[in-house]
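Asks: pasting a predicted model and its sequence here:
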Amino acid sequence: MLSPETVAAIAKAVTLDRKPLYFVGAARKDFVGLPANIRREAGWRLLDVQCGDPVPGAEAMSIVGAGVVELKVDDAGGWYRVFYVAKFAEGVYVLHSFKKKTNKTAADIELGQKRYELLVEERKKLEPKK
């Protein structure tokens, strides 16, 4: 028998009232490279983001870009992070996923910034011409 939490999660997953999830650059490859238990937990939290629900373990990362949020998922194997942007009406964009090895994440922040810039440039191309 399924737990009430599992039933609620499945019901949320099949709802049509959510933003689509997009990956920028090689962000999907980064995400798939996370351990399965971390991917699962981060995936459920990203589903919350898609549905507009509050997300535990999320923190603004304006150093990466305007509206970028860092999702934190930790376990005995380490600290894992997912940078995403949900401020755009058309969807939620995952920029980068990684295992945090030290308190300094300069290379990961830089990669997140590059993918954020790529996202902004691609969105500009889609804007109607004036």
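Replies: Yep, it's here. Numbers count the residues shown, from 1 in each chain.
Asks: which SS class is N37?
Replies: Counting by DSSP: H, G, I helix; E, B strand; the rest coil, the backbone at N37 sits in helix.
Asks: pretty sure it contacts D75?
Replies: Yes. N37 lies in contact with D75 (Cβ atoms under 8 Å); the separation is 6.5 Å. No exception for glycine: its C-beta is placed from N, CA and C like everyone else's.
Asks: and the helices in this protein?
Replies: Ranges of helices within the chain are 4-14, 27-32, 36-50, 106-126, based on DSSP state H.
Asks: how about the CA coordinates for the longest one, as PDB?
Replies: Only the C-alpha atoms of helix 106-126 are listed here, as PDB (Å, rounded to 0.1, in the frame of the first residue of the first chain):
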ATOM      1  CA  ALA A 106      34.000  29.300  -7.900                       C
ATOM      2  CA  ALA A 107      34.100  27.000 -10.900                       C
ATOM      3  CA  ASP A 108      30.500  25.900 -10.400                       C
ATOM      4  CA  ILE A 109      29.300  29.400  -9.900                       C
ATOM      5  CA  GLU A 110      31.200  30.500 -13.100                       C
ATOM      6  CA  LEU A 111      29.600  27.600 -15.100                       C
ATOM      7  CA  GLY A 112      26.100  28.600 -13.700                       C
ATOM      8  CA  GLN A 113      26.800  32.200 -14.700                       C
ATOM      9  CA  LYS A 114      27.700  31.200 -18.300                       C
ATOM     10  CA  ARG A 115      24.600  29.100 -18.600                       C
ATOM     11  CA  TYR A 116      22.500  31.900 -17.200                       C
ATOM     12  CA  GLU A 117      23.900  34.200 -19.800                       C
ATOM     13  CA  LEU A 118      23.200  31.700 -22.500                       C
ATOM     14  CA  LEU A 119      19.600  31.400 -21.300                       C
ATOM     15  CA  VAL A 120      19.100  35.200 -21.300                       C
ATOM     16  CA  GLU A 121      20.600  35.400 -24.800                       C
ATOM     17  CA  GLU A 122      18.400  32.600 -26.200                       C
ATOM     18  CA  ARG A 123      15.300  34.200 -24.600                       C
ATOM     19  CA  LYS A 124      16.100  37.600 -26.300                       C
ATOM     20  CA  LYS A 125      16.200  35.800 -29.700                       C
ATOM     21  CA  LEU A 126      12.600  34.600 -29.000                       C
END
